[in-house]
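*Asks:* sharing a model that was predicted from the sequence below.
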Amino acid sequence: MLPQPDNMDRMYLLIDIGNTACKVAFADNEKIGKVYRCAEEDIQQFIRDVFAAEHPGQRADVAVLSNVRADDPALEEMLRNECCNRLIVLDVPECNRLVETGLVQFEVLANMPEGMGADRIAAILAANNLFPENDLMVFDFGTAITVEFINCHKEEAPASYVGGAISLGLNTRYRALGHFAERIQLLNPRDFIESHKEEKISPIGFDLESAMAAGNILGIMFEIEGYRREYPERTVIFTGGDAIYFAEKLKSSIFVVHNLVLMGLSQVAQFYAEQ
């Protein structure tokens, strides 16, 4: 669980750079504020603009950066010089330090390979903090679909990350077929979703559009249902851009948690602010 906040007003800067977009938000010890999203390349200017709009002339006490793209030393230098008093770049070594110092009472890295993305680390921390008494299965719907398995604290063992899975996200599946299959045109799954909101997707397609939906949209549902049949005892969390759509279609007991990665980054910021 998180340490109890004191009465000091602290400001945290949270940055989640994903494969497709960058999200930025400010947080305090209580909550995360408005989330800003940018798909452009100039992330430095985007962060400056957000800072100027929200906290002109101020600096964050702690900034936490999750970046699944290539390392960006120029961005990190800008954040240290212009935006924050302390910058935490979340990665496996940094998470190891949190565990070694006792700030994280959770065996996050017992089965984590060195290449695990910071966004997955943040989501795992946040999910365990939200549901500390439950064994979890966390689905994140983005450029990739990740599935994380988390065991809660039991008398004989601390809470721990068990392992996970990675597959192509919905948009990525469509784009891959449009790119690699010469006779399949590039379609947007959102077009099908918007035009068939109230309809059940048939597993048998009768044209390209419905066949793509059957193989990809319905295929993801089958994938989720397969995991749930295999692990019925686990509490299920959905997050990411397509979380609500799939949760509504599956019509089952699923917790949809928006901005789970940012919640994990806020948790890390609080750990360091309490030092």
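*Replies:* Perfect, I can see it now. Numbers count the residues shown, from 1 in each chain.
*Asks:* residue contacts, residue 142?
*Replies:* Taking C-beta atoms under 8 Å, 6 or more residues apart in numbering, we find residue 142 in contact with 18-20, 169, 240-241. No exception for glycine: its C-beta is placed from N, CA and C like everyone else's.
*Asks:* again, 7 Å this time
*Replies:* Each residue near residue 142 by C-beta atoms under 7 Å, 6 or more residues apart in numbering is listed here: 18, 169, 240-241.
*Asks:* of the residues you listed, closest to residue 44?
*Replies:* If you rank those by distance to residue 44 using C-beta to C-beta, residue 18 comes first, at 16.5 Å.
*Asks:* ok, which stretches of the protein are helices?
*Replies:* All helices of the chain, identified by DSSP state H, fall at 43-54, 73-78, 92-100, 118-130, 170-180, 189-195, 208-212, 218-230, 243-250, 260-273.
*Asks:* point out where the chain drops to low pLDDT.
*Replies:* Applying pLDDT under 70 to the chain picks out residues 1-8, 102-103, 105, 108-115.
*Asks:* one step back: so which of the helices of the chain comes closest to residue 154?
*Replies:* Evaluated with C-beta to C-beta, these place helix 118-130 nearest to residue 154, the distance being 13.1 Å.
*Asks:* distance between that closest one and the chain's centre?
*Replies:* 8 Å (C-alpha atoms, centre = their mean, to the nearest Å).
*Asks:* what is it packed up against?
*Replies:* Contacts defined by 3 or more C-beta pairs under 7 Å, 6 or more residues apart in numbering; DSSP states H and E place helix 118-130 against strand 62-67, strand 136-141, strand 144-151, helix 260-273.
*Asks:* would a markdown table of those with distance to residue 180 and mean neighbour count be doable?
*Replies:* Below are the helices and strands packed on helix 118-130 laid out as a markdown table (distance: least, C-beta to C-beta, whole Å; neighbours: other C-beta atoms under 10 Å):
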| stretch | distance to residue 180 | mean neighbour count |
| --- | --- | --- |
| strand 62-67 | 28 | 25 |
| strand 136-141 | 22 | 25 |
| strand 144-151 | 17 | 21 |
| helix 260-273 | 29 | 24 |
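*Asks:* returning to what we had before: out of the contacts of residue 142, name the ones that lie in strands.
*Replies:* Judged by DSSP state E, the subset of these located in strands is residue 240.
*Asks:* nearest to residue 138 among the contacts of residue 142?
*Replies:* Closest to residue 138, out of all of the contacts of residue 142 and judged by C-beta to C-beta, is residue 240, at 10.0 Å.
*Asks:* what is the burial count for the closest one?
*Replies:* Close neighbours of residue 240, defined as other C-beta atoms under 10 Å, add up to 27.
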